[in-house]
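J.: Sequence and predicted structure below; questions after.
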Amino acid sequence: MSRVIVVGAGVVGLTCAVRLLEAGLRVDVVARDLPAETTSAVAAGLWYPYRGLPQDRVTEWARASYAAFAALAASPDLGGEPESGVRMVPGTEVHADGAADPWWRAGVPGLEAAETVPPGWAGGWSFRAPVADMTTYLPWLAGRVDALGGTVTRLSLAALPSATLVVNCAGLGARRLGADRTVVPVRGQVVVLEQFGLDRWWLDASGPTYVVPRERDVVVGGTEVEGEWSRMPSPAAAAEILERAASLVPGIGSARVLRHRVGLRPVRPSVRLERVGDVVHCYGHGGAGVTLSWGVAEEVVGLVGG
């Protein structure tokens, strides 16, 4: 059995590990940060191709991921896995003018013009999107790795391993491990609120402003500060996030704040997914790690096999 080391234990690394294990390979995941400590743990978990390029490849990866998430969210009698924490949730992306269909239109079924939007917006697109509760989904992925015979180990690396085939899913760590200075942090802050009965997600990508309901809470974001490495939440940013979000969902104003979180998105001019010798590079997914995870994992399996 061939051995593969996956570097990185965020959503992309774990998903790649699952698909590689399902393909019959021996897989060990090593990472400085364990799943609950990664940027993925901060994510709202809403399927949306945010800050990921190139558009054509991202659309294909996003479409494959949408199908995988929809299968997980299906009822158990149809093969779904409710314990994964993935649900299909209706929602609307609003826009300020009469924009054409989004460039990722082919990635999602059932997209249609919104019938109503909050005051201040000209229109929007409505569709059902996967929402992965990352507090449940990341442990579920790690559990899948374990159940399939893989391992997840904390290990701080000075360089990529060289004794075997490696899949580099190090995210921002690729700046050092992959000697790739084109990967930069884009700081994103969120406010997690108590669940106040919200059953639809709302998004204005120009903010970005998003309100994403999960079963036990609601994730409200966000910010987009390129080049900022600090993970310390800003009270001023939190207040501004909640003010923007309240224009989409007025009920936010009376909801209790549970916690503040900050994540550093690994943004690159384009996603790097290629094989160079014994290393398959898979990083630079921006704010679309969840959205692209299953699609890129399928391609990684093909590159490893090739």
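T.: Noted; the coordinates are in hand. Source: prediction; values computed, not measured.
J.: And for the residue nearest to His260 when sequence neighbours are not counted, the neighbour number?
T.: For His260, the nearest residue in space outside its immediate sequence neighbours is Pro233; the separation is 3.8 Å by C-beta to C-beta, 6 or more residues apart in numbering. C-beta: built from backbone N, CA, C; applies to glycine. When neighbours are defined as other C-beta atoms under 10 Å, Pro233 has 15 of them.
J.: wait, Pro233 sits on Gly188?
T.: No. Look at Pro233 against Gly188 with C-beta atoms under 8 Å: they stay out of range, at 11.0 Å.
J.: Name the residues contacting each of those two.
T.: Where contact means C-beta atoms under 8 Å, 6 or more residues apart in numbering, the residues bridging Pro233 and Gly188 through contact with each are Val262.
J.: hmm, back to that, measure the residue nearest to His260 to Pro35 for me?
T.: Using C-beta to C-beta, to the nearest Å, one obtains 21 Å as the distance from Pro233 to Pro35.
J.: do the same with Leu78
T.: The span separating Leu78 from Pro35 equals 27 Å under the rule C-beta to C-beta.
J.: neighbour-wise, which of these two wins?
T.: Residue environment comparison for Leu78 versus Pro35 gives the larger neighbour count to Pro35, 23 against 8, counting by other C-beta under 10 Å.
J.: Contacts only, for the more buried one.
T.: Residues counted as contacts of Pro35 (C-beta under 8 Å, 6+ apart) are 9-10, 14, 41, 138-139, 141-142, 152.
J.: Specify which member of those residues is nearest to Gly251.
T.: The shortest gap between Gly251 and any of the contacts of Pro35 belongs to Ala41, at 25.7 Å (C-beta to C-beta).
J.: separation between that closest one and Leu141?
T.: For Ala41, the distance to Leu141 - C-beta to C-beta - is 11 Å.
J.: neighbour-wise, which of those two wins?
T.: Comparing Ala41 with Leu141 by other C-beta under 10 Å, the one with more neighbours is Leu141, at 26 against 20.
J.: Could you report the distance from that one to Val220?
T.: 24 Å.
J.: unless I'm mixing things up, Val220 is touching Ala246, no?
T.: No. With contact defined as C-beta under 8 Å, Val220 and Ala246 do not form a contacting pair (9.2 Å).
J.: More neighbours: those two, which one.
T.: When Val220 and Ala246 are compared on other C-beta under 10 Å, the one with more neighbours turns out to be Val220, at 27 against 18.
J.: Please name the bridge partners of the more buried one.
T.: Under the criterion DSSP bridges, Val220 forms beta bridges with Val191, Val211.
J.: any weak-confidence spans in the stretch 101-250 of the chain?
T.: Counting by pLDDT under 70, the stretch 101-250 of the chain contains no low-confidence segment.
J.: Start from the N-terminal end of it and give the helices.
T.: Using DSSP state H, counting those that start in this stretch, the helices of the stretch 101-250 of the chain run over residues 134-147, 174-177, 235-246.
J.: Pull stretch 211-226 out as PDB, backbone CA atoms only.
T.: The C-alpha coordinates for stretch 211-226 follow below in PDB (Å, rounded to 0.1, in the frame of the first residue of the first chain):
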ATOM      1  CA  VAL A 211     -25.500  36.000   8.200                       C
ATOM      2  CA  VAL A 212     -25.400  32.200   8.300                       C
ATOM      3  CA  PRO A 213     -27.800  30.200  10.500                       C
ATOM      4  CA  ARG A 214     -26.600  26.900  12.100                       C
ATOM      5  CA  GLU A 215     -28.700  24.700  14.300                       C
ATOM      6  CA  ARG A 216     -27.400  26.100  17.600                       C
ATOM      7  CA  ASP A 217     -26.100  29.500  16.600                       C
ATOM      8  CA  VAL A 218     -25.800  32.100  13.800                       C
ATOM      9  CA  VAL A 219     -22.400  33.200  12.300                       C
ATOM     10  CA  VAL A 220     -22.300  36.900  11.300                       C
ATOM     11  CA  GLY A 221     -19.400  38.400   9.300                       C
ATOM     12  CA  GLY A 222     -17.300  39.700   8.100                       C
ATOM     13  CA  THR A 223     -14.100  41.600   7.300                       C
ATOM     14  CA  GLU A 224     -11.500  41.400   4.500                       C
ATOM     15  CA  VAL A 225      -8.200  42.900   5.500                       C
ATOM     16  CA  GLU A 226      -5.400  41.800   3.200                       C
END
